[in-house]
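J.: Just a sequence and a predicted model for now, questions to come.
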Amino acid sequence: MAESKVALKIIPGELAVQGVSKSYGATRFRKEVVHDCSFTIERAKLTVMVGPSGCGKSTLIRLLAGFEQPSAGRISLDGAPITGPDRDRLVLFQETALFPWMTTWDNILYGPRARGELTRDALEFGEFLLAKVGLQDFRDKYPGQLSGGMQRRAELARAMINNPKVMILDEQYYSRLYEENRRTNFFVTTDIDEAVFLADRVLVMSNIPTQVRAVIDVDLPRPRKLSDLVESDRANDIKKQALSILHAEAMRSFSRGSKAAADFVEAYLKRASRA
Ligand SMILES: Nc1ncnc2c1ncn2[C@@H]1O[C@H](COP(=O)(O)OP(=O)(O)O)[C@@H](O)[C@H]1O
Ligand SMILES: [Mg+2]
């Protein structure tokens, strides 16, 4: 997102995830979703995480957002531990979070209004964002009257008005929303083509409990065009590297699945023979 005429100083942050694990459930039924996971979301870069569906990506995002705490390890923003949600980290989840009883315009102004900071600059910046996401004609409409894509854009504007240090998006329609900016960006996707197209760095994740399997620097020139990337040997190398890891992970979970199935059949047969 470009800056508005309203002077806006972007102060990008750096997130560090160090030895983070996350489990859910009581002791006997405990399920580990994230296991000893470490990575850095570098300042003023776009890092894209790709991983199999269900590996724990959204769980990591809830931890980065501060909605949940890790079971072990540490997450920090510019060295300060994350203790809860804060407007310095913009997080857009898969589900919409617009207030259904507020118009587009009131949703966008929510942050400054809640803080009692509805200044002329804030209003002007709100106007800029409304235009930027192409919703001028929908200013007085309610979320229920907007398409899914429009809701996304309204949500983005509502978050950008708070001038966050880090922008974290969980499986969104990024390419439509993303413009190069000087913020720290962290996107999550299951689509390797999208990852290579957008990212400065790609984190390739393992199956559940998730860990970083590879960090790949996407040293492709910008601005990028999808048509150029199809022809680029480097882009294809990166894609191949990521895909071979994701393929190995799929095979691993498949063999684990069949082991579980085999164990189940064996246990069942034992019980049946006892009966
Ligand atoms: N609050 C929770 N309690 C129990 N299990 C959870 C909870 N949140 C997530 N999980 C489990 O963690 C796994 C990974 O989920 P998620 O992080 O949504 O994966 P992804 O976003 O990569 O698809 C799922 O199998 C889910 O069952
Ligand atoms: Mg998810």
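T.: Yes, it's here. Ligands and ions are numbered 1, 2, ... in the order given.
J.: Now do the same contact list for Ala235.
T.: The contact partners of Ala235, taken as CB atoms under 8 Å, 6 or more residues apart in numbering, are Val196, Leu220, Leu229. Glycine gets a C-beta too; all of them are placed from N, C-alpha and C.
J.: Recalculate using a threshold of 10 Å.
T.: Asp193, Val196, Phe197, Val218, Leu220, Arg224, Leu226, Asp228, Leu229 (CB atoms under 10 Å, 6 or more residues apart in numbering).
J.: Scan these and report the most crowded one.
T.: Val196 (24 neighbours; other CB atoms under 10 Å).
J.: For the helix or strand harbouring that residue, which helices and strands make contact with it?
T.: In this assignment (DSSP states H and E), Val196 forms part of helix 192-198. Packed against helix 192-198 by the contact rule (3 or more CB pairs under 10 Å, 6 or more residues apart in numbering; DSSP states H and E) you find strand 46-50, helix 174-177, strand 184-189, strand 201-205, helix 226-231, helix 233-274.
J.: so what strands line up beside the third one?
T.: Sheet neighbours of strand 184-189, with direction, are listed as strand 46-50 (parallel), strand 166-170 (parallel) (DSSP bridges).
J.: Now it: average pLDDT?
T.: For strand 184-189, mean pLDDT is 93.
J.: re earlier: can you tell me which of the contacts of Ala235 comes closest to Phe39?
T.: Of all those, Phe39 sits closest to Val218, with 15.2 Å by CB to CB.
J.: which ones are touching the residue lying closest to that closest one once chain neighbours are set aside?
T.: Nearest residue to Val218, sequence neighbours excluded (CB to CB, 6 or more residues apart in numbering): Ala199, at 4.8 Å. Contacts for Ala199 (CB under 10 Å, 6+ apart) come out as 45-50, 185, 187, 189, 216-218, 220, 238.
J.: what do you get for Ala250?
T.: Counted by CB under 10 Å, 6+ apart, Ala250 has contacts Pro52, Asn207.
J.: Roughly how far does it sit from ligand 1?
T.: Separation of Ala250 from ligand 1 (CB to the nearest ligand atom, to the nearest Å) stands at 14 Å.
J.: Could you report the neighbour count for the closest residue to ligand 2 within the stretch 1-150 of the chain?
T.: Per CB to the ion, Ser58 is where the stretch 1-150 of the chain lies closest to ligand 2, at 3.2 Å. By the criterion of other CB under 10 Å, Ser58 has 15 neighbours.
J.: what helix or strand is it on?
T.: helix 57-65.
J.: What parts of the stretch 1-150 of the chain come near ligand 1?
T.: Applying CB under 6 Å from any ligand atom, we find that the stretch 1-150 of the chain lies next to ligand 1 at Tyr24, Lys31, Val33, Gly51, Ser53, Gly54, Cys55, Gly56, Lys57, Ser58, Thr59.
J.: residue ranges with poor pLDDT in the stretch 51-200 of the chain?
T.: Applying pLDDT under 70 to the stretch 51-200 of the chain picks out residues 173-179.
J.: those strands in it, which residues are they?
T.: Ranges of strands in the stretch 51-200 of the chain, per DSSP state E, counting those that start in this stretch, are 72-77, 80-81, 89-92, 166-170, 184-189.
J.: Show me the contact partners of the shortest one.
T.: With contact meaning CB under 10 Å, 6+ apart, strand 80-81 is reached by Gly13, Ala16, Gly66, Gln69, Arg74, Ile75, Asp86, Asp88.
J.: which of those has the most neighbours?
T.: Counting by other CB under 10 Å, top hit in those: Ile75 with 21 neighbours.
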